[in-house]
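[1] Give the three-dimensional model of this entry:
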Amino acid sequence: MTNAHSSGSLHRRVRRMLIQCIAIVVLLSTSVGLGIGLYQDVYARDQLLSNAAQMAADAPLLTDTIQTDTAQQYLERTVRRVAAVDMLGIYDVQGKPLVFYDLAAGEGEASVLPTLRADTVRRLYSEQIPLLSSDEMPEGADRCAYAVVRDENGQALGIVMAGLYLRSYRRTVLRVLLFYCLITLLALGVGSLLSVRFSNHIKQELLGYEPDAFRQLFLQRMDILDALDEGLLAIDSHSTITYINRAAADILSIRTSDALGQPLRAIYPRSTIARVMQTGKSEYNISLESIKHVSVISDRMPLWRDGEIEGAIAIFRNRTEVTRLAQDLTGVQHIVEALRAYTHEFTNKLHVILGLLQLGENRQAEEYVLRLTKTRAHSISYISERIQEPSVAALLIGKSYRAAELGIRFALDPASELRGDGQYLPASSLITILGNLTENAFDALRSAPENAQKEVTVSIREGEHGMLLSVDDSGAGMAAPQLDRIFERGFSTKGEGRGTGLSLVKETVDAFGGTIRVESEPGIGSSFIITFSDAESRAQT
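    Numbering: from 1, shown residues only. Predicted coordinates:
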């Protein structure tokens, strides 16, 4: 509910920001246009007044002779026909008013035509173009233009004044303002419509997600990809790196920020990732011999869009880590170590036999061989009779040889029994548990004094409703603070690089619904007891 509200809120904020931006652009454009329009209107008004005054001064009716009766009719007719002029007046050569007409005369508000100043008259006679003035005007006028009336000989007959009322100019300004307001409203309406359509288009381009939801989803996906143990590296069609996660950067020994946007050849010169874009076929489990400091296997796949290859992605996996995990899970490492111990011990026995033969003690050598054969045969027979799973029996036999090499007495509980049908957990998981627990017990006895009793006992009991595993040692034991943390990955009292065996045991036990209990007392030893029960027993519990 909160995410939906937030998404809608952001969508509205984006739309509102678009509308605000459009409104600002429209208002700025309208203001500039209005300023230019008003300037042009003022300039055009002055030109129209000047032209009207000059045209009236050049009229034949006035240039021949100024007759007040005919001039009055001319002025009235001209004012009513020319929209840019509100009043016309005629002065004599001294600047005294003779005839005057304005549009306000019909409303009883006619202005009085003032007498022109002498300096104004002199300027008019000296200049050959109309004179604009905002000083000597009838009351209520905003602007006036004066032109000299001359006869055919160029002699001055009088002066013509064309004027414009202030209210007329105000109406013009209001008309311009109204025009631009209508344009502004229309532009805002169109801009708002376009902003709505644009925001909806953005949402469609984001696959229907709101912008903040898409951003959150993108960041989550990036965090997920960056948290993977597998390295990911993506390139575009020009072999430029577009994405690389933390694991890939670690494998290539580079920083993520240094790789993004760089050509693949500059970061990984011997890479062959780009060839999948040429073949269009994926490649799997490629061994990267070009990376020397770590053993890596890689998968490469081309990236398709609309039927065309737009790039490629490579997945890097640390082969060393994969191999180590496989060995831990299957118990192969424990068996290999046990066989190595057996080989070492067997070599020592051969040296004893060789020494006896060289000394000529043939009979003693024969007795020594028979005794060893009988002892080993008994040990192997003892374990194999009780443990019917071959891989588990091999592990225990190997551990017994390993214990003999370390000077530790290794014993299998006579009551032990394992059918080998994998009813409670598979043999590989059983090897993981027993291998790690016995190796942990051996480690606990390594630092024990030479005269101390070193003993490790393993018990495997399988019944109709459950299985019990236990590994006991006579080591130094553990204090309470250590017991609380022994199953934490990375925690170990044996130094760095250890602390994975018991955590792996705990993970395996939990995976198959078992329970694990640890009993330890300093100076006496430790016991690990693990129990598994069938589904029916767990349901009753």
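
[2] Next, find the distance separating the spatially most central residue of the chain from residue 449.
    Closest residue to the average C-alpha location of the chain: residue 219 at 4.0 Å, with C-alpha atoms, centre = their mean. As judged by C-beta to C-beta, to the nearest Å, residue 219 and residue 449 stand 59 Å apart. Using the backbone N, CA and C atoms, a C-beta is placed for each residue, glycine as well.

[3] Now residue 288: closest residue in space that isn't a chain neighbour?
    residue 296 (4.4 Å; C-beta to C-beta, 6 or more residues apart in numbering).

[4] so how many other residues sit close to that neighbour?
    Other residues lying near residue 296 total 21 when counted by other C-beta atoms under 10 Å.

[5] May I have the residues that are in contact with it?
    Going by C-beta atoms under 8 Å, 6 or more residues apart in numbering, residue 296 touches 251, 287-288, 316-319.

[6] Counting only strands, which of these make the cut?
    Of these, the ones assigned to strands by DSSP state E are 287, 316-318.

[7] just the helices in the stretch 401-541 of the chain please.
    Counting by DSSP state H, counting those that start in this stretch, the stretch 401-541 of the chain has helices at residues 427-446, 480-483, 501-511, 535-540.

[8] right, so those: which one is the most enclosed?
    helix 427-446 (a mean of 22; mean count of other C-beta atoms under 10 Å).

[9] in the sheet, who's paired with the residue nearest to residue 288?
    Beta-bridge pairing for residue 296 (DSSP bridges): residue 318.

[10] Tell me where the stretch 401-541 of the chain has strands.
    Remark: strands assigned in the stretch 401-541 of the chain by DSSP state E, counting those that start in this stretch are 409-412, 455-462, 466-473, 515-521, 525-533.

[11] Looking at the ones you listed, spot the one closest to residue 488.
    In terms of C-beta to C-beta, the element of the strands of the stretch 401-541 of the chain nearest to residue 488 is strand 515-521, at 13.2 Å.

[12] So which bits of that closest one are buried?
    Buried residues in strand 515-521, defined by neighbour count with 16 or more other C-beta atoms under 10 Å: 516, 520.

[13] got a list of contacts for that strand?
    477-478, 483, 486, 505-506, 509, 526-531.

[14] low-scoring pLDDT stretches of the stretch 51-200 of the chain, where are they?
    Along the stretch 51-200 of the chain, the model assigns pLDDT under 70 to residues 63-69, 104-111, 140, 166-172, 199-200.

[15] those strands in it, which residues are they?
    Using DSSP E, counting those that start in this stretch, the strands found in the stretch 51-200 of the chain span residues 87-91, 97-102, 131-133, 141-150, 156-165.

[16] Could I get the average pLDDT for the helix or strand containing residue 276?
    Residue 276 belongs to helix 275-279 when assigned by DSSP states H and E. The average pLDDT for helix 275-279 rounds to 86.

[17] buried set for that helix?
    276-277.

[18] Report all helices and strands that that helix contacts.
    strand 296-305, strand 308-318 (3 or more C-beta pairs under 8 Å, 6 or more residues apart in numbering; DSSP states H and E).

[19] Of the ones you listed, which stretch is the most buried?
    Stretch with highest mean neighbour count among the helices and strands packed on helix 275-279: strand 308-318 (a mean of 18; mean count of other C-beta under 10 Å).

[20] any idea how far residue 21 lies from residue 194?
    Applying C-beta to C-beta, the value for residue 21 to residue 194 is 11 Å.

[21] before we move on, what about residue 75?
    From residue 75 to residue 194 the distance is 54 Å (C-beta to C-beta).

[22] Would you mind telling me which of those two has the busier surroundings?
    Comparing residue 75 with residue 194 by other C-beta under 10 Å, the one with more neighbours is residue 75, at 23 against 14.

[23] didn't the more buried one look like it was pressed against residue 98?
    No. Using C-beta atoms under 8 Å, residue 75 is not in contact with residue 98, being 10.4 Å away.

[24] shared neighbours, those two?
    residue 90.

[25] Need the max-distance pair from the contacts of residue 296.
    Going by C-beta to C-beta, the pair spanning the contacts of residue 296 furthest: 251 and 287, at 13.5 Å.

[26] ok, back up a step: turn the helices of the stretch 401-541 of the chain into CSV, including mean pLDDT and distance to residue 135.
    Formatted as CSV, these follow (pLDDT from 0 to 100; distance: least, C-beta to C-beta, whole Å):
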stretch, mean pLDDT, distance to residue 135
helix 427-446, 86, 110
helix 480-483, 78, 105
helix 501-511, 84, 102
helix 535-540, 54, 111
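
[27] between those helices, which one is nearest to residue 522?
    Minimum separation from residue 522 across the helices of the stretch 401-541 of the chain (C-beta to C-beta) falls at helix 480-483, 9.6 Å.

[28] ok now that closest one, how far from the chain's centre?
    Between the centre of helix 480-483 and the centre of its chain there are 43 Å (C-alpha atoms, centre = their mean, to the nearest Å).

[29] could you dump that helix to CSV, C-alpha only?
    Output in CSV follows, covering the C-alpha atoms of helix 480-483 (Å, rounded to 0.1, in the frame of the first residue of the first chain):
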residue,chain,number,x,y,z
ALA,A,480,31.6,-22.4,27.7
PRO,A,481,32.5,-19.3,25.6
GLN,A,482,34.0,-21.6,22.9
LEU,A,483,31.1,-23.9,22.9
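
[30] so what does it touch, helix or strand wise?
    Packing contacts for helix 480-483, counted by 3+ C-beta pairs under 8 Å, 6+ apart, involve no helix or strand.

[31] 10 Å instead?
    Counting contacts by 3 or more C-beta pairs under 10 Å, 6 or more residues apart in numbering; DSSP states H and E, helix 480-483 is packed against strand 515-521.

[32] Residue 54 reaches residue 148, doesn't it?
    Yes. Counting by C-beta atoms under 10 Å, residue 54 touches residue 148, with 9.4 Å between them.

[33] Those two: who's more crowded?
    residue 148 (24 against 18).

[34] Is it correct that the more buried one is in contact with residue 130?
    Yes. The criterion here is C-beta under 10 Å, and residue 148 meets it with residue 130 at 8.7 Å.
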